[in-house]
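Q: structural data only, the sequence is not supplied:
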């Protein structure tokens, strides 16, 4: 881990983000990706070349190993300057931390190291037609056949469904000792028996989410990540960190819209005076500013706790819900107070709203976030909700 003062690191990263965002015109590219969805390989490689991939990944795996609060500030700035797309791209290695932490040296060198350079993409396949946050309901199987695993099942809402070179597939291993008996396997996506398709989404269209079907797909057993049946434990640890970092991203795009809206209503006149003179406009914006700042302080606190090893899944879940809720309310006001033009593509607020709206569902729905937090208040019973 870098020994520089966290404030110095943060300031340096913010400067790096601002420089890259300006040179690559990330705000403009963000809007373009919404109209012309595709995976932004050029920007992905640029993020890798500038050390903005794997911000929290351990140095032994090739990452920057920055403290979580520092990474959160950098992701917030990336979202502020270029929307959710490039901030989430920067976080992609963290989404695949199970590969880095539990994969073999060969797998890390073949798949994880190139991803840190922005040259290769690894996805995650968890959700199924009948199972989202309820990991116990996953039905995809990974059955042993000699030195192979044979995969059968269907994964839905998979990000980068047709773009990923490989995916971490979470499947049930019959006979595995640990409940719910999930095993993580890295699956190259060009193997026989894999069928991939996309499903149009409301937002985050560049991810090209879709369905991936596995029909008797044979994968060597040394592509397994960690121990058989232990993947649920690995996934919970990864999701806890991800949720707190995603919270910073959602607040970043909302902050951009809030500032733009504050400026707009201060200049826009209606009925002979600035819109900001109307309490129906000014009071909600005052509240939005306070809520964004409060959520940001809470998120940074949670990231600090996680960095110190005393964080909890429940606190991270609350951070994700709180940030998403505050961001969506702020973005809705941004659309509303820009009037008819706010409801159009003339301004970025509607795209930001659509993209942040996924945050109330993906990586654990807001309802599940409450459930995880409540479970820590009353910890007597356990279940298989991912978290």
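A: Okay, I see it. Keep in mind it's a predicted model, so treat the numbers as computed, not measured. Residues are numbered from 1 along each chain as shown.

Q: which positions in the helix or strand hosting residue 184 come out as buried?
A: Per DSSP states H and E, residue 184 falls inside strand 182-188. Within strand 182-188, the residues scored as buried using 16 or more other CB atoms under 10 Å are 182, 183, 184, 185, 186, 187. C-beta here means a position set from N, CA and C on the backbone, and glycine is covered the same way.

Q: give me the pLDDT for the fourth one.
A: It stands for residue 185. Residue 185 is assigned 98 on the pLDDT scale.

Q: wait, it sits on residue 151?
A: Yes: applying CB atoms under 8 Å as the test, residue 185 and residue 151 come out as touching, 7.1 Å apart.

Q: wait, isn't residue 99 in contact with residue 109?
A: No: with contact defined as CB under 8 Å, residue 99 does not count as touching residue 109 (11.2 Å).

Q: neighbour count: those two, which is higher?
A: Per other CB atoms under 10 Å, whichever of residue 99 and residue 109 has more neighbours is residue 99, with 24 against 12.

Q: residue 183 versus that one, what's the distance?
A: Distance from residue 99 to residue 183, counting by CB to CB, to the nearest Å: 14 Å.

Q: with residue 49 instead?
A: Residue 49 is 35 Å from residue 183, where distance means CB to CB.

Q: return the helix or strand in this protein with minimum mean pLDDT.
A: Lowest on mean pLDDT, DSSP states H and E among the helices and strands of the chain sits strand 269-270, with a mean of 84.

Q: pairing partners for that strand, with directions?
A: The pairing partners recorded for strand 269-270 under DSSP bridges are strand 273-274 (antiparallel).

Q: ok now the partner strand, how far from the chain's centre?
A: Distance, stretch centre to chain centre, for strand 273-274: 40 Å (CA atoms, centre = their mean, to the nearest Å).

Q: show me where this structure has its helices.
A: For the chain, the helices defined by DSSP state H cover 6-24, 26-35, 41-49, 68-90, 92-95, 97-102, 105-107, 113-116, 231-267, 279-307, 313-337, 339-342, 349-357, 366-377.

Q: what's in contact with the least confident helix or strand of the chain?
A: Residues outside strand 269-270 that contact it (CB atoms under 8 Å, 6 or more residues apart in numbering): 275, 278.

Q: what comes into contact with stretch 274-288?
A: Stretch 274-288 is contacted from outside by 254, 258, 261-262, 264-270, 326, 329-330, 333, 337, using CB under 8 Å, 6+ apart.

Q: give me the low-pLDDT residue ranges for the stretch 51-200 of the chain?
A: Low-confidence regions of the stretch 51-200 of the chain, defined by pLDDT under 70, span residues 176-180.

Q: before we move on, the earlier item: farthest-separated two in the contacts of stretch 274-288?
A: 269 and 326 (28.8 Å; CB to CB).

Q: which one's more surrounded, those two?
A: residue 326 (25 against 11).

Q: that one: what's it in contact with?
A: Contact analysis of residue 326 by CB under 8 Å, 6+ apart lists 251, 254, 288, 291, 292, 294, 295.

Q: let's see it at 6 Å
A: 291, 292, 295 (CB atoms under 6 Å, 6 or more residues apart in numbering).

Q: give the buried subset of these as a ChimeraX selection command.
A: ChimeraX command restricting these to the buried ones, with burial defined by 16+ other CB under 10 Å:
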select :291,292,295
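
Q: out of the contacts of residue 326, who's nearest residue 88?
A: Taking CB to CB as the measure, residue 88 sits nearest to residue 295 out of the contacts of residue 326, at 18.4 Å.

Q: right, I'll leave it there.
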